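Engineer: curious how this folds, go ahead:
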Amino acid sequence: MTALGRALSVGLHGMTAQLVEVEAHLASALPSFTLVGLPDASLTESRSRVRAAVSSAGLGWPARRITVNLSPAALPKHGPGFDLAVAVAVLGAAEALDPTRSRDVVHLGELGLDGRLRPVRGVLPAVAEAVSRGRTRIVVPTADVAEASLVRDAEVIGCTSLAEVVRLHGGDIPVPALAPVPAHRGTAAQSPDSADLSDVLGQREARHAVEVAAAGGHHLLLSGPPGAGKTMLASRMPGLLPDLSEADAVEVSAVHSVAGTFDPSAGLLRRPPYEDPHHTATAPSIVGGGSGWPRPGAASRAHRGVLFLDEAPEFDTRVLQTLRQPLETGHMIVHRSGGAVRFPARFQLVLAANPCPCGQATGRGRDCLCTPHERRRYRTRLEGPLLDRVDLQIDVPAVRRTRGEGPGESTATVAARVRSARAAQNARWAPYPWSLNSEASGNELRALLGPRPAALTDLDRALEAGRLTLRGADRVLRVAWTLADLAGATAPTREDVGRALLLRTRGGDR
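Structural biologist: As a prediction, the model looks like this:
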């Protein structure tokens, strides 16, 4: 005599969700429990968790040969989020609950040995995938109800224990009064709300560069001695950016859900995230990965926001060069032996660097203590392909006065100009697959200037002299369009291109 039970769950492969059918087959043979369908180690361990949770719920464990299949079998499965679906499928096959009531319901949750449901990562993208496939009834742990409810049209059912789920599906068992397991989440990193651009003393040119970077989505390098205000300027960048669109808010929130840094109590993340890892951070913490199945790193958690690397030359060179991929493509691919995982990573990169290891190579004040070799090695950590992808490269001099220029413009004033410039870009690029100047194709930017644009004269000279690569020339042109948008012009002039060239080359011949 055989019996079959079914339930549904969702598997995550990076940010890609896949509906998974969990089938439990009970056969009259020597008792055993086999789990198939490419489970990883943490999922294979669910056999012990499920068995203990069923016993704690007051139900007998079937003394038969149990085979649980996770379909599609070719998709790797990982994590403890399948525990609840496995338990429901087994109990449905054993007729401890009504199998017809559970087969079309999606179940997400980890089981504790006491039968309680524990929250899991990635609930938001998992529920969104289930709803898009027409499976709107979702059972989740109580701690995940707020996050799952953010998905429109989802009928979310929160349960505290396995016994409560069994009762939901027609099982006749008492439900113990257990306290729900709370969610232990980090929080998405954001710059302090109280940080205002007017707090930055002086630095008119650097403040302007930050505004241009925010308006066009450009990458930025701030180079100067310690205490010049580089970190203050970078931390105020997110305040200049507009709120995320609905689609971007869902995508950013999904990334942080998978990373375990999403707090659903305030709804979707509407403000651009801000990540500022320390220079001792490892490559997996920046680009994603870690032990077991890869998770989003700081580069992906900064998606649609700002990734700030303070003391950038102190970061491992391999970490810095790995950022070249997302700067071009907008996503991060993490390779593992079991396959590759793709995470979105379209962020604004802000780098801060001292002029030399001791920070005093400015020609004023204290003497530099570094040798020529040390200064050269320090600078070369940022040179080459990575720096070629940074649109704005600004020198931030030491502040020599505590007063005299008066207070600078506030974040609200500059943010209004940024919103206006971005509105112009959105209108211009509406027919294209991008929305900001920093994402636009160089060919399209040049085509909009006409067949023989005089505005490109200085840019062509810099290219002929070897001061710029072709990629660098395209990035200068993108900045020139942003300068025109901030000025309310329909196209950049030769003066705009010249200013953009200076903003990239720091007035020198780089």
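Engineer: now the strands for the stretch 101-250 of the chain?
Structural biologist: Ranges of strands in the stretch 101-250 of the chain, per DSSP state E, counting those that start in this stretch, are 106-107, 110-111, 117-118, 137-141, 155-159, 220-223.
Engineer: can you list these in TSV and add mean neighbour count?
Structural biologist: Quick note: C-beta positions are derived from backbone N, CA and C, even for glycine. Listed next are the strands of the stretch 101-250 of the chain as TSV, based on neighbours: other C-beta atoms under 10 Å:
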stretch	mean neighbour count
strand 106-107	28
strand 110-111	26
strand 117-118	26
strand 137-141	25
strand 155-159	18
strand 220-223	25
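Engineer: as CSV, the ones you listed with mean pLDDT would be great.
Structural biologist: CSV is the format used below for the strands of the stretch 101-250 of the chain (pLDDT from 0 to 100):
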stretch, mean pLDDT
strand 106-107, 98
strand 110-111, 96
strand 117-118, 96
strand 137-141, 98
strand 155-159, 97
strand 220-223, 95
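Engineer: which one of the ones you listed lies nearest to residue 380?
Structural biologist: Nearest of those to residue 380, taken as C-beta to C-beta: strand 220-223 at 14.0 Å.
Engineer: thinking again about what came up before, reformat the strands of the stretch 101-250 of the chain as TSV; add distance to residue 401.
Structural biologist: Output for the strands of the stretch 101-250 of the chain, formatted as TSV (distance: least, C-beta to C-beta, whole Å):
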stretch	distance to residue 401
strand 106-107	63
strand 110-111	59
strand 117-118	57
strand 137-141	58
strand 155-159	58
strand 220-223	20
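Engineer: which residue packs closest to residue 50, ignoring adjacent ones?
Structural biologist: Among residues not flanking residue 50 along the chain, residue 87 sits closest, at 4.7 Å (C-beta to C-beta, 6 or more residues apart in numbering).
Engineer: scratch that, residue 367 is what I was asking about
Structural biologist: Closest to residue 367 by C-beta to C-beta, 6+ apart is residue 360, at 6.6 Å.
Engineer: residues in contact with that neighbour?
Structural biologist: Taking C-beta atoms under 8 Å, 6 or more residues apart in numbering, we find residue 360 in contact with 225, 366-369.
Engineer: in terms of helices and strands, where is it?
Structural biologist: Following DSSP states H and E, there is no helix or strand that holds residue 360.
Engineer: quick check, residue 456 in contact with residue 496.
Structural biologist: No: using C-beta atoms under 8 Å as the test, residue 456 is too far from residue 496 to be in contact (10.9 Å).
Engineer: who has more neighbours, these two?
Structural biologist: Between residue 456 and residue 496, counting by other C-beta atoms under 10 Å, residue 496 is the more crowded of the two (22 against 19).
Engineer: where exactly do the helices run in the stretch 151-300 of the chain?
Structural biologist: Listed in chain order, the helices of the stretch 151-300 of the chain (DSSP state H, counting those that start in this stretch) span 162-168, 204-216, 230-235, 237-240, 246-259, 283-287, 298-301.
Engineer: could you dump those helices to a markdown table with mean pLDDT?
Structural biologist: Shown next, in a markdown table, are the helices of the stretch 151-300 of the chain (pLDDT from 0 to 100):
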| stretch | mean pLDDT |
| --- | --- |
| helix 162-168 | 97 |
| helix 204-216 | 95 |
| helix 230-235 | 93 |
| helix 237-240 | 94 |
| helix 246-259 | 95 |
| helix 283-287 | 90 |
| helix 298-301 | 96 |
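Engineer: what's the closest of those to residue 343?
Structural biologist: Smallest distance to residue 343 across the helices of the stretch 151-300 of the chain (C-beta to C-beta): 4.0 Å, for helix 298-301.
Engineer: return that closest one as CSV; C-alpha atoms alone will do.
Structural biologist: This file holds the C-alpha atoms of helix 298-301, laid out as CSV (Å, rounded to 0.1, in the frame of the first residue of the first chain):
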residue,chain,number,x,y,z
ALA,A,298,27.9,45.2,-0.1
ALA,A,299,27.9,45.9,-3.9
SER,A,300,24.5,44.3,-4.3
ARG,A,301,23.1,45.7,-1.1
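Engineer: follow-up on the earlier one: between the strands of the stretch 101-250 of the chain, which gets nearest to residue 436?
Structural biologist: Nearest to residue 436, of all these, is strand 220-223, at 14.2 Å by C-beta to C-beta.
Engineer: direction included, what does the closest one pair against?
Structural biologist: strand 348-353 (parallel), strand 392-395 (parallel) (DSSP bridges).
Engineer: among the ones you listed, show me which one is buried the most.
Structural biologist: strand 348-353 (a mean of 25; mean count of other C-beta atoms under 10 Å).
Engineer: pLDDT of it, averaged?
Structural biologist: Here strand 348-353 scores 96 as its mean pLDDT.
Engineer: mind listing residues that contact the helix or strand just after that strand?
Structural biologist: Sequence order places helix 372-380 as the next helix or strand after strand 348-353, per DSSP H and E. With contact meaning C-beta under 8 Å, 6+ apart, helix 372-380 is reached by 313, 356-357, 361, 368, 370.
Engineer: if I look at residue 434, how far off is residue 425?
Structural biologist: Here residue 434 is placed at a distance of 9 Å from residue 425 (C-beta to C-beta, to the nearest Å).
Engineer: check residue 408 too.
Structural biologist: Residue 408 is 25 Å from residue 425, where distance means C-beta to C-beta.
Engineer: which of the two has more neighbours?
Structural biologist: Just comparing residue 408 and residue 425: by other C-beta under 10 Å the higher neighbour count belongs to residue 425, 22 against 17.
Engineer: helix, strand or coil: sort out the more buried one for me.
Structural biologist: Put simply, residue 425 is helix when judged by DSSP: H, G, I helix; E, B strand; the rest coil.
Engineer: repeat for residue 20
Structural biologist: Following three-state DSSP, residue 20 is assigned to strand.
Engineer: does it touch residue 75 like I think?
Structural biologist: Yes: using C-beta under 8 Å, residue 20 is in contact with residue 75, at 7.2 Å.
Engineer: pull up the overlap in contacts between these two.
Structural biologist: Here residue 20 and residue 75 share the contacting residues residue 11, scored by C-beta under 8 Å, 6+ apart.
Engineer: the two - which one has more neighbours?
Structural biologist: residue 20 (22 against 15).
Engineer: check contacts around that one.
Structural biologist: Shown in contact with residue 20 (C-beta under 8 Å, 6+ apart): 8-11, 70-72, 75, 77, 82, 85.
Engineer: tell me, how many neighbours does residue 232 end up with?
Structural biologist: Neighbourhood size, residue 232 [other C-beta under 10 Å]: 16.
Engineer: which residues touch it?
Structural biologist: 195, 199-200.
Engineer: if we go to 10 Å?
Structural biologist: Residues near residue 232 by C-beta atoms under 10 Å, 6 or more residues apart in numbering: 195, 197, 199-201, 203, 206.
Engineer: how about residue 112?
Structural biologist: Residue 112 sits next to 49, 52-53, 56, 80, 83, 118, 141, 161-162, 178, 181 when contact means C-beta under 10 Å, 6+ apart.
Engineer: mind putting these in a markdown table, distance to residue 328 included?
Structural biologist: Output for those, formatted as a markdown table (distance: C-beta to C-beta, whole Å):
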| residue | distance to residue 328 |
| --- | --- |
| 49 | 43 |
| 52 | 49 |
| 53 | 47 |
| 56 | 52 |
| 80 | 36 |
| 83 | 40 |
| 118 | 39 |
| 141 | 40 |
| 161 | 49 |
| 162 | 47 |
| 178 | 50 |
| 181 | 42 |
